[in-house]
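Enquirer: Provided below are the primary sequence and the corresponding predicted coordinates.
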Amino acid sequence: MLRRRGPKTWVNLFGRRASMENVCMDHVQVWWEQIRAAREMAALVGRPFPSRGGAGSFPPNGRPSPTKPRKFCMASYRPSWKRDYTSVMIVPTGVGASIGGYAGDALPVARALSSVVDCLISHPNVLNAAMLYWPMPNVLYVEGHALDRFAEGLWALQPVHRNKVGLVLDAAIEEELRVRHLQVADATRASLGLPVLEYIVTDSPLELEKWIDPENGHSTGRIKHSGALLRAVQTLISRAKVNAVAVVGRFPDDDLDDMDDYRQGMGIDDIAGVEALISHLVVKEFQIPCAHAPAMSPMPLSLSLSPKSAAEEIGYTFLPCVLAGLSNAPQYLVNKSEFMENRCMLGSDVDSVVLPIDACGGDGALAFARRKKKPLIIVVEENETVLNDTPDELQIEVVKVSNYWEAIGVIAAHKAGVLPDALRRNRIGNICSVSVAPHNGSAVASFASSA
């Protein structure tokens, strides 16, 4: 800020001569103005500016630091006066959802939604796409049973950097198909660096059975030898110290006629219900992340395959997405005393929930709807299922949208603190007053909506 002119004379930026006596005061004033400007800038972005120590600040003796002040970069600061916005995306499995009822066809919605919110919580049916997977750092991969308990406030989610993943293979899997799955595990370890530690084969075949429920039309079934599955998981936990488990069960090969509708992007995924039973059983018993990948013989080539089902026909297994999801899935805290001790996420942290129009009757959806602090619940009319659990039937207060485009727009407005109706034509009316009238000696308040 000062240029020297001769041995004892300095000239400041305005050309004014200054004696040595004035140099010190000029120097202090310049530094103070720079520091004050930096503090004002820091206040604008909600980050405190250090008042003591650091380059460019005054030390305790009141003299300016001889080092130059650091340049203030607006891009390096993030506003801190708002908490993170969290959304939950639910698409039930095995119910023939128009979007999310096939091979990862709801994953594009999750990708788009995750770019709008700070944190997105979803489950394997949304995030898995067989051989395909898309990493999203702000998405939590939560198994369905755990998601229900989270919504009810019984469990909490603890984000992690990585999990120790174990692999359970059904004893019914043929040798060649088993080798294919082990090669997938090795490939994810070598090419993706995933922490898949050990595998185990069940001591007896699981004997999975599947069928379509004639009463409600969704897929279901049973695990004939569930004890073999639980023993295998227990062995991995006790011996290999894993804290997440991928399960591969051998399903009977379907007749081509039974699979034709699904391959054409219609009908119901008839193995999805049993897949959910497998992961629910493990999570309920051990309270650790779990997901399932079916083992089936490769299907013959189809020249008229729907893009929604194509992800399941580009490889030998459905395992890659499961291992990727479990590698950093959040851990489940089931002891409420741990909720405050650990850095975790609670159901009360959820700001919005998105689900199909007629799939509002699940445990998680109902739990969110009945919360004292209710999140914004958005139902998508374009995503229909075989269920009939509509918000009108269940008397749930929701925001109805036509499609996921609108849902994401509503969430963006909600996150910004903007009334969604303010973004549409003639949706905001005049503000209404609160009227209080005596009734049997008591005051009764009536409220009217302004929108």
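Expert: Received the coordinates, thanks.
Enquirer: pLDDT on stretch 164-173, on average?
Expert: Taken as a whole, stretch 164-173 carries a mean pLDDT of 98.
Enquirer: what is the end-to-end distance of that stretch?
Expert: 24 Å (C-alpha to C-alpha, to the nearest Å).
Enquirer: with stretch 91-103 instead?
Expert: 13 Å.
Enquirer: please enumerate the helices of the protein.
Expert: 20-44, 107-114, 124-127, 144-151, 175-191, 226-235, 256-263, 272-286, 319-327, 336-339, 363-369, 391-394, 404-416 (DSSP state H).
Enquirer: the third one: how far from the chain's middle?
Expert: Looking back up the chat, that one is helix 124-127. On the basis of C-alpha atoms, centre = their mean, to the nearest Å, helix 124-127 sits 10 Å off its chain's mean C-alpha point.
Enquirer: same deal with the last one?
Expert: On the basis of C-alpha atoms, centre = their mean, helix 404-416 sits 16 Å off its chain's mean C-alpha point.
Enquirer: show me where the stretch 51-200 of the chain dips below the pLDDT cut-off.
Expert: Counting by pLDDT under 70, the stretch 51-200 of the chain shows low-confidence ranges at 51-81.
Enquirer: in contact with the closest residue to I99 other than its chain neighbours, which residues?
Expert: Once flanking residues are discounted, I99 sits nearest to N383: 4.6 Å by C-beta to C-beta, 6 or more residues apart in numbering. Any C-beta I mention is one placed from the backbone N, CA and C, and that applies to glycine too. Contact partners of N383, counting by C-beta atoms under 8 Å, 6 or more residues apart in numbering, are 91, 97-100, 356-357, 404.
Enquirer: those residues into CSV, with extra columns for distance to E175 and neighbour count?
Expert: As requested, the contacts of N383 are exported to CSV (distance: C-beta to C-beta, whole Å; neighbours: other C-beta atoms under 10 Å):
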residue, distance to E175, neighbour count
V91, 35, 25
A97, 36, 28
S98, 39, 19
I99, 38, 20
G100, 34, 27
P356, 41, 27
I357, 46, 23
Y404, 43, 21
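Enquirer: in the stretch 301-450 of the chain, which spans are strands?
Expert: 331-333, 352-356, 376-380, 399-401, 435-439, 442-446 (DSSP state E, counting those that start in this stretch).
Enquirer: worst average pLDDT in those strands?
Expert: strand 442-446 (a mean of 45).
Enquirer: got the contact list for L127?
Expert: Residues near L127 by C-beta under 8 Å, 6+ apart: 104, 107, 110, 133, 139, 141, 321, 325.
Enquirer: state the distance from the residue nearest to I99 to R180.
Expert: 33 Å (C-beta to C-beta, to the nearest Å).
Enquirer: how about L169?
Expert: Per C-beta to C-beta, L169 is found 11 Å from R180.
Enquirer: those two: which is more packed in?
Expert: L169 (23 against 17; other C-beta atoms under 10 Å).
Enquirer: you'd agree the more buried one is up against D203?
Expert: No - the pair L169 / D203 is not scored as a contact, 11.6 Å apart, by C-beta atoms under 8 Å.
Enquirer: show me where pLDDT drops low in the stretch 201-350 of the chain?
Expert: Counting by pLDDT under 70, the stretch 201-350 of the chain has low-confidence residues at 255-258.
Enquirer: got the contact list for the closest residue to D203 other than its chain neighbours?
Expert: Sequence neighbours aside, A228 is the residue nearest to D203 in space, at 5.5 Å (criterion: C-beta to C-beta, 6+ apart). Contacts of A228 were listed using C-beta under 8 Å, 6+ apart, and they are 171, 202-206.
Enquirer: what's the answer for S98, then?
Expert: 356, 382-385.
Enquirer: one more time with 7 Å, if that's ok
Expert: S98 makes contacts with 382-384, as judged by C-beta atoms under 7 Å, 6 or more residues apart in numbering.
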